[in-house]
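Peer 1: Sequence and predicted structure are below.
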Amino acid sequence: MKDCLSLLVATGTFLVISLSAVAQNYEIPIEGKSTLNLNLGIELPFNGTFKGNYNSKTNPTGTKTIPGWFGGSGNNPINYSATVGGELVIDTNPTGSFVLHSIAGIGGYISDYSSDLLGGNSGDIEVEFVLQYDTFRTQNPSALYIGGFSLPIPIGGGGISQMSATQIGPAPIVMTSLGGGVRNFTSAIPVTLTITADFFQIPLRSIDIPAIIPIQGECTFVGPNELTMSASCNFSDELPLPAAPGFKELPLELPTILPPGGTANLLMSGNFSEGSISLGAGSDIDSQGDRISPDFDLTDDGNVSAPEVLMILAYWGSDDAPFLDFNNDGHIGGVDLGMAIGAWTR
């Protein structure tokens, strides 16, 4: 993933520097009818100790934990290892925007992509952890927990409160003309995904993960200053998840096993290791964009001059370049050339 991202950024940088001098720029909002189906799974390993919540002064009737099968006394820490995981499936309406730089309708690049993938919403996660521990016993209630195997424990909820994507490098576009100002296009946008989540009362700090979002679809140039876009983004990958902060004396209600039917009240402390996040997303973007370059400035260099004239001559008589059809008569000709010359700046 890192090698692919580096190659994409390096190649895109070269193309953008080489071609940006002949770009018409359109700001594309992500809103309204745009949709996102998100499937996100998080897995974090951790280890530490737990012990009963007994306290001689504040909770004298609380649970005590005692290592081993027989003997012993007091309230002792028990070693454990565990993996916590959860899954979120949510349909949202993302918000945001990006700029599409069209190079004479035959290529270009995307810049300034930024999106709140949850559209201001949040999603709930059903969390479960799988616990492995040494054999121990409890008092209040009296129970035996035999170590050496895994115990899955549902522990309620967590949530994703933020998930955003911010572009971190150039994203070249390949365009194919379908005639009449319509273009198929494909691109891949390098981004940083920022995720904020919490697991069973443990807040995870904002996590930044590099990723690449592929995008493909169709855009239609509507006259000299507008385009419409219908595009889709489909993404699936497993990414490393940095270790979360540790926690101390988190209450845990552990069901008894021998005998069943009771609840041992424990206090759990632990430290996380690096985990993983699996992410699958399918998004449809349906939007209308306005050209943000000045009128008649086809190269976005602040001037109307020879390059604009050469571009009009290259499309002379064509009905496939509405971005040059300044009088909206359906083809590129003398009137469009005259209007550009009338706006000549140097």
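Peer 2: In hand now; what should we look at?
Peer 1: Phi, psi for the residue nearest the centre of the chain please.
Peer 2: For the chain, the residue nearest the mean C-alpha position is Leu193 (4.3 Å; C-alpha atoms, centre = their mean). Main-chain torsions, Leu193, degrees, to the nearest 10: phi -90, psi 130.
Peer 1: Looks like it contacts Gln167 (just checking).
Peer 2: No. When contacts are counted by C-beta atoms under 8 Å, Leu193 is not listed as touching Gln167 (11.3 Å). Using the backbone N, CA and C atoms, a C-beta is placed for each residue, glycine as well.
Peer 1: returning to that earlier point: skipping its backbone neighbours, what lies nearest the residue nearest to the centre of the chain in space?
Peer 2: Distance criterion C-beta to C-beta, 6 or more residues apart in numbering; nearest residue to Leu193, sequence neighbours excluded, is Ile209 at 4.6 Å.
Peer 1: What of Met163?
Peer 2: In this structure, Met163 finds its nearest non-sequential neighbour in Leu117, 4.6 Å apart by C-beta to C-beta, 6+ apart.
Peer 1: Any stretches of the stretch 201-346 of the chain with poor pLDDT?
Peer 2: Applying pLDDT under 70 to the stretch 201-346 of the chain picks out residues 201-205, 346.
Peer 1: mind listing the helices for it?
Peer 2: Under the criterion DSSP state H, counting those that start in this stretch, the stretch 201-346 of the chain carries helices at the ranges 306-314, 334-342.
Peer 1: Show me what the last one packs onto, helices and strands only.
Peer 2: If you count contacts as 3 or more C-beta pairs under 8 Å, 6 or more residues apart in numbering; DSSP states H and E, helix 334-342 packs onto helix 306-314.
Peer 1: can you pull the buried residues of the helix it packs on?
Peer 2: Judged by neighbour count (16 or more other C-beta atoms under 10 Å), helix 306-314 contains these buried residues: Glu308, Met311, Ile312.
Peer 1: Nearest to Gly147, out of the residues you listed: which one, please.
Peer 2: Met311 (75.0 Å; C-beta to C-beta).
Peer 1: how close does that closest one get to Val99?
Peer 2: Distance from Met311 to Val99, counting by C-beta to C-beta, to the nearest Å: 20 Å.
Peer 1: With Gly282 instead?
Peer 2: Gly282 is 23 Å from Val99, where distance means C-beta to C-beta.
Peer 1: neighbour-wise, which of these two wins?
Peer 2: Comparing Gly282 with Val99 by other C-beta atoms under 10 Å, the one with more neighbours is Val99, at 18 against 15.
Peer 1: what is that one paired to in the beta sheet?
Peer 2: Beta-bridge partners for Val99, by DSSP bridges, are Glu27, Ser111.
Peer 1: ok, now which ones touch Glu87?
Peer 2: When contacts are counted by C-beta atoms under 8 Å, 6 or more residues apart in numbering, Glu87 touches Asn39, Leu40, Gly41, Ile42, Ile125, Glu126.
Peer 1: Could you chop this protein up by domain?
Peer 2: The chain breaks down into these domains under automatic domain parsing: 2-292, 294-346.
Peer 1: How far does the longest one sit from its chain's centre?
Peer 2: Distance of domain 2-292 from its chain centroid, counting by C-alpha atoms, centre = their mean, to the nearest Å, is 7 Å.
Peer 1: Strands of the stretch 201-346 of the chain, start to end?
Peer 2: Ranges of strands in the stretch 201-346 of the chain, per DSSP state E, counting those that start in this stretch, are 202-222, 226-241, 247-255, 263-272, 275-291.
Peer 1: Export the ones you listed to CSV and append columns for distance to Ser111.
Peer 2: CSV is the format used below for the strands of the stretch 201-346 of the chain (distance: least, C-beta to C-beta, whole Å):
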stretch, distance to Ser111
strand 202-222, 13
strand 226-241, 15
strand 247-255, 41
strand 263-272, 36
strand 275-291, 13
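Peer 1: so which of these comes closest to Gly105?
Peer 2: Once these are compared by C-beta to C-beta, strand 202-222 is nearest, at 6.7 Å.
Peer 1: Tell me the strands beside the closest one, with direction?
Peer 2: Paired strands of strand 202-222, with direction, are strand 182-199 (antiparallel), strand 226-241 (antiparallel) (DSSP bridges).
Peer 1: So which bits of the longest one are buried?
Peer 2: By neighbour count with 16+ other C-beta under 10 Å, strand 182-199 contains the buried residues 182-183, 185, 187-191, 193-199.
Peer 1: Show the average pLDDT along that strand.
Peer 2: Per-residue pLDDT values across strand 182-199 average out to 90.
Peer 1: got the angle for that strand vs strand 247-255?
Peer 2: Relative orientation of strand 182-199 versus strand 247-255 (axes from the mean of the first three to the mean of the last three C-alpha atoms, to 10 degrees): 80 degrees.
Peer 1: do the shortest one as well
Peer 2: Relative orientation of strand 226-241 and strand 247-255, computed by the same axes, to 10 degrees: 80 degrees.
Peer 1: about what we covered before: hmm, the residue nearest to Met163 is touching Thr35, no?
Peer 2: No. Leu117 is beyond contact range of Thr35, at 11.2 Å (criterion: C-beta under 8 Å).
Peer 1: between those two, which one's more packed in?
Peer 2: Each of Leu117 and Thr35 has its neighbours counted (other C-beta under 10 Å); Leu117 has more, 25 against 16.
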